[in-house]
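Undergrad: show me how the following folds:
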Amino acid sequence: MTAPATSRVRPVSKFFFEGDRKFFIKGATYGPFKPDEKGNTFGKPETVDVDLRMMRELGINVLRVYHPPPNWFLEKCYAAGMRVLITLPWEKHIEFLRQKKVRDEIAAMVRNTVRRYVGNPAVLGYLVGNEIASTMARWLGVRRVIEFVEHLVRIGRAVDPDVLFSYATYPPTEYLLPQNVDFFCFNVYLHNQRDFAPAKSDR
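TA: The predicted structure is shown next:
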């Protein structure tokens with residue numbers, strides 16, 4: 001295992017820095033896996049150890065997860081010298097801007113989750129939302145949706161100002177770009193595996 005990271009990653013101009021050194025993100029998604037009897041979607045600790053070791057051998061230094069992870073998972077990532085980008089999941093198929101109760105519940109989830117991990121050196125940052133559909137954004141109003149996402153970023157940053165925040169969009173809604181994030185995040189899908197596979201040697 002590699003030595004754990006020693007400081008939070010921060011944005012400086014168009015780069016990320018860890019201390020006084022540039023930090024180049026080499027990431028992969030991880031899970032979620034089939035829930036066990038306790039509802040855990042991060043697999044068994046011994047399996048995570050094996051996965052982390054293999055990923056570090058490939059040079060991966062960041063894992064994106066789709067649910068708030070248990071503390072033991074963050075501890076293992078930190079010990080392996082890896083950071084974790086946490087997606088904060090909430091229902092996006094509902095008209096969330098039309099009901100104050102729903103907006104308040106989403107805001108409370110963001111606040112409580114960030115508070116749960118505040119100061120944890122394994123956490124690279126948070127995605128305060130993921131892939132609001134283009135049809136929903138148009139229906140509710142693009143400007144209003146962006147303002148709500150920016151509102152969630154402000155909530156999270158008020159709890160932990162030293163961690164990164166963003167929102168994960170994808171090409172059909174490339175116009176949904178909040179302006180108070182630390183970096184832009186796009187989900188790009190592998191539609192044709194053959195196009196992305198390594199070219200075969202002619203020899």
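
Undergrad: when you work out contacts or count neighbours from here on, use the C-alpha atoms and nothing else.
TA: Fine.

Undergrad: excluding its backbone neighbours, what's nearest residue 86?
TA: residue 126 (4.8 Å; C-alpha to C-alpha, 6 or more residues apart in numbering).

Undergrad: ok so the one you found is a strand residue?
TA: Yes - using DSSP: H, G, I helix; E, B strand; the rest coil, the assignment for residue 126 is a strand.

Undergrad: and the gap between it and residue 190?
TA: 23 Å (C-alpha to C-alpha, to the nearest Å).

Undergrad: of the two, which one has the most company?
TA: With neighbours defined as other C-alpha atoms under 10 Å, residue 126 and residue 190 compare such that residue 126 has more, 26 against 9.

Undergrad: so residue 34, which of the three states?
TA: Going by three-state DSSP: residue 34 is coil.

Undergrad: quick one: contacts for it?
TA: Taking C-alpha atoms under 8 Å, 6 or more residues apart in numbering, we find residue 34 in contact with 41, 43.

Undergrad: low-confidence ranges in the protein?
TA: Residue ranges of the chain with pLDDT under 70: 1-6, 92-95, 172-174, 195-203.

Undergrad: quick one: the strands in it?
TA: For the chain, applying DSSP state E gives strands covering 9-12, 15-18, 21-22, 27-29, 62-65, 83-87, 123-130, 164-169, 185-186.

Undergrad: circling back: so the residue nearest to residue 86 touches residue 161, yeah?
TA: No - here residue 126 does not reach residue 161: they are 11.6 Å apart, not a contact under C-alpha atoms under 8 Å.

Undergrad: any idea how far residue 103 is from the residue nearest to residue 86?
TA: For residue 126, the distance to residue 103 - C-alpha to C-alpha - is 18 Å.

Undergrad: what of residue 27?
TA: In terms of C-alpha to C-alpha, residue 27 sits 31 Å off from residue 103.

Undergrad: cool, residue 165 as well?
TA: To residue 103, residue 165 is 19 Å away according to C-alpha to C-alpha.

Undergrad: residue 139 too?
TA: Using C-alpha to C-alpha, residue 139 is found at 17 Å from residue 103.

Undergrad: surely residue 152 meets residue 109?
TA: No - the criterion here is C-alpha under 8 Å, and residue 152 misses it with residue 109 at 9.8 Å.

Undergrad: sweet, I'm off.
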